[in-house]
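Novice: Return a 3D structure for these sequence lines:
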Amino acid sequence: MDHIKEKLRKRTRRHLRIRRKVNGNEDRPRLNVYRSLKHIYCQIINDVDGKTLVAVSTQTPEIRSQLTYGGNVKAAELVGKKVAEEALKIGIVKVVFDKGGYKYHGRVKALAESARKNNLSF
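Specialist: Here you go, the predicted structure:
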């Protein structure tokens, strides 16, 4: 059980280190990713106002109906596509990517590349 707490502590420290450098504003809000074992969550946040502009996850009804399991690369690709579509609807084209202390690999990478493929630039 201690090794799990240690992994969480290390990820949290990495995320805080990233957050010192990565801030979202009106021109380029922050695209934040949180990954759990069963789901993946994504938010576009304006840090100046402290407001979430777009939030999409594998628990969103549209995405949930298309999936059998939310903790895989296919699910992350769907979330990336959906977050890009929602961002374009409200006029957001450029974002700053915040990988949340995770490696740029697997589900995080799939989400980012899917969002890029759907005209969200970062």
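Novice: ok, so what distance separates K94 from S121?
Specialist: For K94, the distance to S121 (CB to CB, to the nearest Å) stands at 5 Å. The way it works is simple: take the backbone N, C-alpha and C, and place the C-beta from them, glycine included.
Novice: Look up which helix or strand the residue nearest the centre of the chain falls in, please.
Specialist: Nearest to the geometric centre of the chain sits V33, at 2.5 Å (CA atoms, centre = their mean). Per DSSP states H and E: V33 is located in strand 30-35.
Novice: avg pLDDT for that strand?
Specialist: For strand 30-35, the mean per-residue pLDDT is 97.
Novice: Show me what it is packed up against.
Specialist: Using 3 or more CB pairs under 8 Å, 6 or more residues apart in numbering; DSSP states H and E, the elements in contact with strand 30-35 are strand 40-46, strand 96-98, helix 107-117.
Novice: So for A87, which of those sits nearest?
Specialist: A87 sits nearest to strand 40-46 of all those, at 5.7 Å, using CB to CB.
Novice: Shouldn't T68 be within a helix?
Specialist: No: the assignment for T68 (DSSP: H, G, I helix; E, B strand; the rest coil) gives coil, which keeps it out of a helix.
Novice: how near is it to S36?
Specialist: Counting by CB to CB, the gap from T68 to S36 is 17 Å.
Novice: Which one of those two is surrounded by more residues?
Specialist: S36 (11 against 8; other CB atoms under 10 Å).
Novice: what's the spacing between the more buried one and I45?
Specialist: Look at S36 and I45: by CB to CB, they are 18 Å apart.
Novice: K103 too?
Specialist: Noted for K103: a distance of 21 Å to I45, by CB to CB.
Novice: So for those two, which sits in the more crowded spot?
Specialist: Per other CB under 10 Å, whichever of K103 and I45 has more neighbours is I45, with 21 against 10.
Novice: Without its sequence neighbours, what residue ends up closest to R11?
Specialist: Spatial nearest neighbour of R11, chain neighbours left out: G101 (4.1 Å); criterion: CB to CB, 6 or more residues apart in numbering.
Novice: OK, contacts around that neighbour?
Specialist: Contact analysis of G101 by CB atoms under 8 Å, 6 or more residues apart in numbering lists 10-16, 18.
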